[in-house]
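Undergrad: got a sequence here, can you model it:
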Amino acid sequence: MDLIEAERTVADAVREARRVDPVGSGMHREVGGPPPRDAVAISAPARIVSYEPADLTVCAGAGTTVDALDAVLAEAGQESALDPRDPNATIGGTLAVGLSGIRRLRVGPLRDQVLEVRFATADGRLVRGGGPTVKNVTGYDLPRLLVGSFGTLGVITRVILRCRPRPECRAWYASDADPAAVRAGTFRPSTILWDGSTTSVLLEGNPDDVEAEARRGGLEPSEAPALPDGEHRGRASLPPNELGGFATGLTASGGVRWSAEIGIGTVHLAADDPLALASARDDAARAGGWMLREAGAPDLDGFGVELPNAALMASVHEAFDPGGKLAPGRLPLPEPLEEGDGS
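TA: Numbers count the residues shown, from 1 in each chain. Predicted coordinates for the structure are as follows:
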């Protein structure tokens, strides 16, 4: 079956289903709200369609794993900066949940990696948005709209991604200095992680440049740090200037392991007690942010607070999926009215 036929099969299945559960590799099933139990599971095709190293673009079925994509790009010394926690995640699943990788400080947010999307709408149409070139500026920016939509606007079937040269060298360093001072003393680090005691820095580029940068910043070589792990996990998003106070509160209260992305405002959280994770989410809300549940904490709903763009999200969702058949429950959206309800 060629890709166009496979996409048509996906679109037909979406049209015929009463409720749809877009499925990738299952790496992000616990992120946000729970997937619908009575929905038809629908997966996108998995294959590399075309790759143009000279144009720094690759086209792939959304069901392709990030690991498989990376293996193809590595042959030409390139990469696409999707960076999911698990390389077995699919391209479409990674984009749908909108979780940028920890290299965001250097490579930018996840939505910047997408040039074009093709997706199946709730009524079974195949729609294309964006364009195959980096300079494309025509039409509505549907690729960015679909990133982080959790499948509620359409089932992504195909994407064109931006590629970039793969760094010759990638090395981790550590320091006990204040993370703000470390950031001020380094040039374009890919990542700065801080756990309250150690500042870990990822530097990428030419090996000589990386070594010189580390010496200038007073950094010592180290192993790659592990993000907090545990049965109950979340990811908090805060204004970067609120991160210090939030982290100090986490340390004082105990019960939560954390690692903060300096310069971004993202804090990775893990706890053995779901109540500790719930308390951390309350603290994030008081600091002007919010926390997305990533795993565990079954009694903790996905988002916890009304999102600041909830009204806009609801309006967009109504336009794309007025019947609410696509991934119901994954985002905090109002339930659609049944036929005959309302005034």
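Undergrad: quick one: the helices in this structure, in order.
TA: 3-16, 66-74, 91-97, 104-107, 142-146, 179-184, 207-216, 243-253, 274-286, 310-320 (DSSP state H).
Undergrad: so which of those is the most packed in?
TA: Of these, the one with the most neighbours on average (mean count of other Cβ atoms under 10 Å) is helix 91-97, at a mean of 28. The C-beta positions use only the backbone N, C-alpha and C, and glycine is treated the same way.
Undergrad: distance-wise, check residue 185 relative to residue 273.
TA: 38 Å (Cβ to Cβ, to the nearest Å).
Undergrad: same question for stretch 163-170, mean pLDDT?
TA: Average pLDDT, stretch 163-170: 96.
Undergrad: quick one, what contacts residue 63?
TA: 24, 43-46, 90-92 (Cβ atoms under 8 Å, 6 or more residues apart in numbering).
Undergrad: try it again at 10 Å.
TA: Residues near residue 63 by Cβ atoms under 10 Å, 6 or more residues apart in numbering: 6, 10, 23-25, 43-47, 90-93, 156-158.
Undergrad: so which of those are in strands?
TA: Residues of the contacts of residue 63 located in strands (DSSP state E): 156-158.
Undergrad: which one among these gets closest to residue 281?
TA: residue 156 (28.6 Å; Cβ to Cβ).
Undergrad: show me what the closest one is bridged to.
TA: Bridge pairing for residue 156 (DSSP bridges) gives the partners residue 119.
Undergrad: neighbours of it, how many?
TA: Neighbour count of residue 156, defined by other Cβ atoms under 10 Å: 29.
Undergrad: was I right about residue 10 contacting residue 126?
TA: Yes. Judged on Cβ atoms under 10 Å, residue 10 makes contact with residue 126 at a distance of 8.4 Å.
Undergrad: return every residue with contacts to both of these two.
TA: Counting by Cβ under 10 Å, 6+ apart, the residues touching both residue 10 and residue 126 are 119-120, 155, 157-158.
Undergrad: got these as a markdown table, with distance to residue 256, neighbour count and pLDDT columns?
TA: A markdown table is the format used below for these (distance: Cβ to Cβ, whole Å; neighbours: other Cβ atoms under 10 Å; pLDDT from 0 to 100):
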| residue | distance to residue 256 | neighbour count | pLDDT |
| --- | --- | --- | --- |
| 119 | 37 | 30 | 97 |
| 120 | 40 | 27 | 97 |
| 155 | 35 | 28 | 97 |
| 157 | 39 | 30 | 97 |
| 158 | 40 | 27 | 97 |
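Undergrad: fine by me, we can end here.
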